[in-house]
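> Curious how this folds, go ahead:
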Amino acid sequence: MDKILEGLVSSSYPLPVKRVIVRKVVESAEHWQDEAQCQAMFDLTTRLILEGQDPFQRQVGHQVLEAYARYHRPEFESFFNKTRVLGLLQQGYHSLDRKDVAILDYIHNGLRLIMSCPSVLDLFSLLQVEVLRLVCERPEPPLCARLSDLLSDFVQCIPKGKLSITFCQQLVRTIGHFQCQSTQEKELREYVAQVTKVSGLLQNIWKAEPSTLLPSLQEIFAIISSTDASFEPSVALASLVQHIPLQMITVLIRSLTTDPNVKDASMTQAFCRMIDWLSWPLAQHVDTWVIALLKGLAAVQKFTILIDVTLLKIKLVFNRLRFPLVRPGALAVLSHMLLSFQHSPEAFHLIVPHVVSLVHSLRSDGLPSSSAFLVQLTELIHCMMYHYSGFPDLYEPILEAIKDFPKPSEEKIKLILNQSAWTSQSDALASCLSRLSGKSETGKTGLINLGNTCYMNSVIQALFMATDFRRQVLSLNLNGCNSLMKKLQHLFAFLAHTQREAYAPRIFFEASRPPWFTPRSQQDCSEYLRFLLDRLHEEEKILKVQSSHKPSESLGCIETSLQEVASKTAVLTEAPYTNDGEKTLIEKMFGGKLRTHICCLNCKSTSQKVEAFTDLSLAFCPSSSMDSLSFQDPASSLNTPDGGLLGACPGPSEEPGIYNPAAATFVYDSVMNERMLGSPPAEFCCTENTSVPSESSKIFVNKDVPQKSGGEATPSVTDLLNYFLAPEILTGDNQYYCENCASLQNAEKTMQITEEPEYLILTLLRFSYDQKYHVRRKILDNVSLPLVLELPVKRTTSFSSLSESWSIDVDFTDISENLAKKLKPSGTEEACCPILVPYLLSSVVVHSGISSESGHYYSYARNITGTESSYQMCHQSETLALASSQSHLLTRDSPSAVIEQDLENKEMSKEWFLFNDSRVTFTSFQSVQKITSRFPKDTAYVLLYRKQSSTNGLSGNNSTSGLWVNGDPPLQKELMDAITKDNKLYLQEQELNARARALQAASASCSFRPNGFDDNDPPGSCGPTGGGGGGGFNTVSRLVF
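Here you go, the predicted structure:
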């Protein structure tokens, strides 16, 4: 029968004829055949299966073999024995190589036919050894896929015990050698299918024998971390990732990132290759593992690896976005890589040139998934452009390409960036390591206390949070300069962009410290602020003069010495600035003008003078029960840029009285003085011989009374401002020298603000001089701080002969100098236009302590950008109506109080920050309001209010124009390079510290110190949870830090 079959398959008979005869041969298997005949038939069918020249011969071989094996099982069991199987696996079959897939197919089929025979157990034992040997020979994907089919059907052939671990490891290594040379879709699909079969086999083994999983994963890492340049592991290893239980992420990443035996070079190589796995089309969870490793490395502060890998692979990940199959995973990895790489724009700028082409490509492909994907991509791009603004030439094409897609809010962008930074990653993977010292969750940077420098830190943070001022400083072109403004710009840039939790402002401190300030000793923050603004103002004035002679010199390119500033501030400026373009930045942002008007009560002649100011000092209102007493009046002192150096430090002859500034807000009736003086608005300013009503018909405030020591009702900043602006009678020692009368006379003094500043600085005079003990004592009275402040401004169109200047502090009650020497007779004033200018509270500097010789400074602040339309709409309809409806100072029951309450409610959802030296935390306006009631020694001292108007101040830039993407101006290259360099240095420092701690982690005890202060401790306390410290001093003299 075998001869017939052999002749048939090689004959030229038609195929139908051959099929009929083959059917007869198959039917003959049902009849008895001797052993030799069966043996001959098995040999023939084996040859047809393995060496058949066409599919028909191979098909015939399978049909006849299965028939004879079924009906002649003992004979087939004798034929298909260990020797034959071993020979096939080790020597092949005639001309057929032993690694041919047909060999494994034949054995696979034979095992099916002999499955019920006892001898199959011997074959299983044999195959357990042979499949391990075969895998060690690194078979090609087709053979390995056939082997996987065989072992999946006959799990008895899989090595057992320790050999199973070895088998899995070798199979993993075999996958690592897979390569597909073809680029044709059909071949690629076949290749992917083959790899999928092999990975499926490993999955089954891992499930059946869990002990094989970890060694397999170790083998995977050993392969991908190899630094052998002659071997590049296959991306096919990605197919294994989907079979690793996600529950093992934590333990595996912790083991991987904290293993001291894993060198940085190996980790970098492994990480790069894992990112390459994103190209594998059917792999799942690759992005999950890559992101987990990114977070794990950040948690143990291995920033060098993160930087290297990101820069090497960011473009590859971006390019994967073009392929729909791997797009979701690639976007997840790209987002994390970009959002966490916050110390430098380098990574983002590597992909910027390719963003526009990708957007256009996705918009034109017409796929629904592409539209949803573009929304996610554009959100990511907006976040990065916000974080690294200052590159309009790079970003403008991108903004144009994505203009039709929604833009995330600034709050959302900040939240995303804060949560994604490397320094914000939780160190949950290394619980015994100390907490990361990256930026707080607020995204703001603290200032390190350099030794009793909290007075500077609190002021700098308040100025930094003055958004318009910060933007103006950052926008100045000061490259190559060494001025104080350049140092302030440098400090602001680092506060905005450093990765450090807190920045040490050593250079700025040394440059800005007043000469009379003793290092490492307590100082007055108001005095420092006044000096700082003075110096910046004078420095710019000098440079403006120099630049007029040397046009090539730009603003801020020359450093002025302290002596130069001191000498120039002693001289009053002759010609006033009348054009905003001629004003200095300090004048534009903080400069206002105040007119002082004195009327002699004897001859009714008047004199007036307009002076510039940068801050107003508000005294506390006197107690009504002590009106008969008197004290030195401090309320009219003005602090100005030109005169701050002379007026900042009290002289030995200073009269007892209140000395220092503190913070306050106010409301004032714009028509009060008109009613008191009995003249219409158009003729408000009195001249010589102008008549005034009798004293009995006026309401005067006698300021010559002692300061109140306490009161039932809490005074507000409104009360303090009313007291400041109220008319005052100059009598007794304070009599006015009238040139018309040529003698000292009783007089009436009034003050009016004629030009409001963009930022209003108010200082509360909280320190009074105790003559008995010769110390300055602090007034601990609580003052309510309104969120909305209306500043009464009497603008005038012209003055005929009015001298105005940036002058030193003027105390109109100073008995050491005749007031007539300070004020000159004035001409006629034209029309007055009383208005109420709205201001919003921007920041509050708080002093914590019981005297000026001890305590601590910290500040509350918030970002204010743009306008509050709800307030303006209400305010515009009220401004002029108040002039005719009220004849007294505005009280807390005015319409503005209702508006303020509305804003306070809205403020619940807005961000306030508490800046306490190196610590920055979120807080609320309610905390600001209640600070003194909760902690009696903590009182508001300096306030910054921002003018609310229909324009964005002086910026002149539209954040939507693409030039200032995040609202702040582009940084100069010199600044950006310095920040990038310092950020990289910081990450390296953190990494070195983390490695040092890791070496001690095994023996060190695990401790936890919460970040934040208990509500039972004031934020300005000096304890472990307080914001002071950092100076390293433990002496009695360390009172203000």
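
> Give the full set of residues in contact with the nearest residue to residue 99 once chain neighbours are set aside.
Counting by Cβ to Cβ, 6 or more residues apart in numbering, residue 99 lies nearest to residue 143, which is 5.8 Å off, once chain neighbours are set aside. For the C-beta atoms, the positions are set from N, CA and C on the backbone; glycine is no exception. By Cβ atoms under 8 Å, 6 or more residues apart in numbering, the residues touching residue 143 are 99-101, 104, 134.

> Return the helix or strand harbouring residue 473 as PDB; C-alpha atoms alone will do.
Residue 473 belongs to helix 467-475 when assigned by DSSP states H and E. Below are the C-alpha coordinates for helix 467-475, written out as PDB (Å, rounded to 0.1, in the frame of the first residue of the first chain):
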ATOM      1  CA  THR A 467       2.000  91.900  39.400                       C
ATOM      2  CA  ASP A 468       2.400  95.000  37.200                       C
ATOM      3  CA  PHE A 469       5.500  96.100  39.000                       C
ATOM      4  CA  ARG A 470       7.000  92.600  38.700                       C
ATOM      5  CA  ARG A 471       6.300  92.500  35.000                       C
ATOM      6  CA  GLN A 472       7.800  95.900  34.400                       C
ATOM      7  CA  VAL A 473      11.000  94.900  36.200                       C
ATOM      8  CA  LEU A 474      11.300  91.700  34.300                       C
ATOM      9  CA  SER A 475      10.700  93.500  31.000                       C
END
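
> Please enumerate the strands of the stretch 201-350 of the chain.
With DSSP state E, counting those that start in this stretch as the definition, the stretch 201-350 of the chain shows no strands.

> rewinding a little: got a PyMOL select line for the buried ones in the contacts of residue 143?
What follows is the PyMOL syntax selecting those of the contacts of residue 143 that are buried according to 16 or more other Cβ atoms under 10 Å:
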select buried, resi 100+101+104+134
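
> Sort out for me which of the contacts of residue 143 are in helices.
By the criterion of DSSP state H, membership of the contacts of residue 143 in helices covers 101, 104, 134.

> hang on, the second one packs against residue 145?
No: the criterion here is Cβ atoms under 8 Å, and residue 104 misses it with residue 145 at 9.6 Å.

> where exactly do the helices run in the stretch 501-650 of the chain?
506-512, 525-549, 562-569, 585-590, 644-647 (DSSP state H, counting those that start in this stretch).

> Give the other helices and strands that the helix holding residue 473 contacts.
Using 3 or more Cβ pairs under 8 Å, 6 or more residues apart in numbering; DSSP states H and E as the contact criterion, the elements in contact with helix 467-475 are helix 454-464, helix 484-497, helix 585-590.

> For residue 196, which of those is the nearest?
helix 484-497 (46.8 Å; Cβ to Cβ).

> Same list (the helices and strands packed on helix 467-475) but as CSV, adding mean neighbour count.
Shown next, in CSV, are those (neighbours: other Cβ atoms under 10 Å):
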stretch, mean neighbour count
helix 454-464, 26
helix 484-497, 22
helix 585-590, 22
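
> Would you format those helices as TSV with mean pLDDT included?
Shown next, in TSV, are the helices and strands packed on helix 467-475 (pLDDT from 0 to 100):
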stretch	mean pLDDT
helix 454-464	94
helix 484-497	90
helix 585-590	92
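
> I'd like to know which of the ones you listed is closest to residue 400.
Proximity to residue 400 (Cβ to Cβ) singles out helix 484-497 among the helices and strands packed on helix 467-475, at 25.9 Å.

> same for that closest one, what does it pack against?
Under the contact definition 3+ Cβ pairs under 8 Å, 6+ apart, helix 484-497 sits against helix 454-464, helix 467-475, strand 502-503, helix 506-512, helix 525-549, helix 973-1000.

> looking at these, which has the lowest confidence?
Of all the helices and strands packed on helix 484-497, the minimum mean pLDDT falls on helix 973-1000 (a mean of 78).

> Next, the angle helix 467-475 makes with that one.
Using axes from the mean of the first three to the mean of the last three Cα atoms, to 10 degrees, the direction of helix 973-1000 lies 100 degrees away from that of helix 467-475.

> Now do the buried residues in helix 973-1000.
975-976, 978-979, 982-984, 986-987, 990-991, 994, 997-998.

> and that helix, how far from the chain's centre?
Offset of helix 973-1000 from its chain centre (Cα atoms, centre = their mean, to the nearest Å): 17 Å.

> what is the orientation angle of it with helix 484-497?
Going by the same axes, to 10 degrees, helix 973-1000 makes 50 degrees with helix 484-497.

> Am I right that residue 49 is in contact with residue 59?
No: using Cβ under 8 Å, residue 49 makes no contact with residue 59, being 9.2 Å away.

> Would you mind telling me which of those two has the busier surroundings?
residue 49 (22 against 16; other Cβ atoms under 10 Å).

> Now the more buried one. Nearest residue, chain neighbours left out?
Nearest to residue 49 is residue 61, by Cβ to Cβ, 6+ apart, at 3.9 Å.

> helix/strand/coil for the one you found?
helix (DSSP: H, G, I helix; E, B strand; the rest coil).

> give me the number of residues near it?
Look at residue 61: counted by other Cβ under 10 Å, it has 22 neighbours.

> Was I right to think it contacts residue 46?
Yes: between residue 61 and residue 46 there is a contact at 7.2 Å, judged by Cβ under 8 Å.

> Identify the residues contacting residue 203.
Remark: with contacts taken as Cβ under 8 Å, 6+ apart, residue 203 is in contact with residue 243.

> how close does it sit to residue 91?
Separation of residue 203 from residue 91 (Cβ to Cβ, to the nearest Å) stands at 33 Å.

> can you check residue 456 too?
Residue 456 is 87 Å from residue 91, by Cβ to Cβ.

> Kindly report the same for residue 740.
Distance, residue 740 to residue 91, by Cβ to Cβ: 131 Å.

> Could you do residue 345 as well?
In terms of Cβ to Cβ, residue 345 sits 63 Å off from residue 91.

> hang on, the earlier thing: which secondary structure element is home to the residue nearest to residue 99?
Going by DSSP H and E, residue 143 is in helix 141-153.

> Skip ahead from that helix and say which helix or strand is next.
Going down the chain from helix 141-153, the next helix or strand is helix 162-176, by DSSP H and E.

> Tell me which residues are up against that next one.
Contacts to helix 162-176, defined as Cβ under 8 Å, 6+ apart, come from residues 128, 131-132, 135-136, 138-139, 144, 158-159, 195, 198-199, 201-202, 205-206, 209, 211-212, 215-216, 219-220, 223-224, 233-234, 236-237, 239-240.

> Throw together a PyMOL command that grabs the buried residues out of the residues you listed.
Burial among the contacts of helix 162-176 is assessed by 16+ other Cβ under 10 Å; the matching PyMOL selection reads:
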select buried, resi 128+131+132+135+139+144+158+159+195+198+199+201+202+205+206+212+216+219+220+223+224+233+234+236+237+239+240
